[in-house]
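[1] A predicted structure for the sequence below; I have some questions about it.
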Amino acid sequence: MFSTKNDRPKRACPQAARALQITLIAFVALAVSFLLVVYITAPAMYVQVLLGRSAKADERPASVTAFLVAILPLIALLVVGTLRRWRWLFWPILVAFTAEMIALPIDALQLAGVMPLMYPVWYTIVRLVVSVLQIAIGGWMIWLYLRCGVWAMGNQIKSR
């Protein structure tokens, strides 16, 4: 009949979970787009990162192409698991996104000139922006878990 203060969070949980799903899928779509754009426009970046050597600007070794082909099913699994709210997938996503806190200061120090740049400036800036987004999404996931449970499906942690 009357909604109480304690009912409001429970009713907002499905909407928050849906927003999280949409955000994660949009993030993954942007990441895949970025992977493909870099593969097409600057494949030497992948050669440098994956193989540890410099390459010609237009070189696309088979190992780099195989890496991209191998990563796409994993990304598809991530999208399907997010849509279906697989509980076991929530935790690796949360760990991966919050662990990005480690890369944030490294990228910042590289841009500040304290540490040597390992990659071009544009790539380091993109990594920095992605790190900030991942940390924000990870924080949101923690908040949603504490308030509503895994994927906002219940099992709330009760405050004392």
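    Sure thing, it's come through. Residues are numbered from 1 along each chain as shown.
[2] Measure how buried Ser131 is and give me the count.
    By other CB atoms under 10 Å, 20 other residues sit near Ser131. For the C-beta atoms, the positions are set from N, CA and C on the backbone; glycine is no exception.
[3] Ok, Met153 next?
    Residues contacting Met153 under the criterion other CB under 10 Å number 13.
[4] Surely it and Leu20 touch.
    No - when contacts are counted by CB atoms under 8 Å, Met153 is not listed as touching Leu20 (11.6 Å).
[5] where in this structure is pLDDT low?
    Within the chain, the stretches with pLDDT under 70 are 1-10, 52-59, 154-160.
[6] what sits against the closest residue to Ala108 other than its chain neighbours?
    Nearest non-adjacent residue to Ala108, counting by CB to CB, 6 or more residues apart in numbering: Leu128, 6.6 Å away. The neighbours of Leu128, taking CB atoms under 8 Å, 6 or more residues apart in numbering as the test, are Leu104, Asp107, Ala108, Leu111.
[7] Specify which member of the residues you listed is nearest to Tyr119.
    Nearest to Tyr119, judged by CB to CB, of these is Asp107 at 9.5 Å.
[8] Quick check: the closest one touching Ser131?
    Yes - between Asp107 and Ser131 there is a contact under CB under 8 Å: 6.3 Å.
[9] most surrounded residue in the contacts of Leu128?
    Most neighbours among these, by other CB under 10 Å: Asp107, with 24 neighbours.
[10] Scan this structure for its longest helix.
    helix 7-41 (DSSP state H).
[11] buried set for that helix?
    13, 16-17, 20-21, 23-24, 27-28, 31-32, 35, 38-39 (16 or more other CB atoms under 10 Å).
[12] what two of these are the furthest from one another?
    Among the buried residues of helix 7-41, Cys13 and Tyr39 lie farthest apart (CB to CB), at 38.6 Å.
[13] just to revisit the earlier point, export the buried residues of helix 7-41 as CSV, with columns for distance to Pro116.
    Formatted as CSV, the buried residues of helix 7-41 follow (distance: CB to CB, whole Å):
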residue, distance to Pro116
Cys13, 46
Ala16, 42
Ala17, 42
Leu20, 37
Gln21, 39
Thr23, 34
Leu24, 33
Phe27, 29
Val28, 31
Ala31, 26
Val32, 30
Leu35, 25
Val38, 21
Tyr39, 25
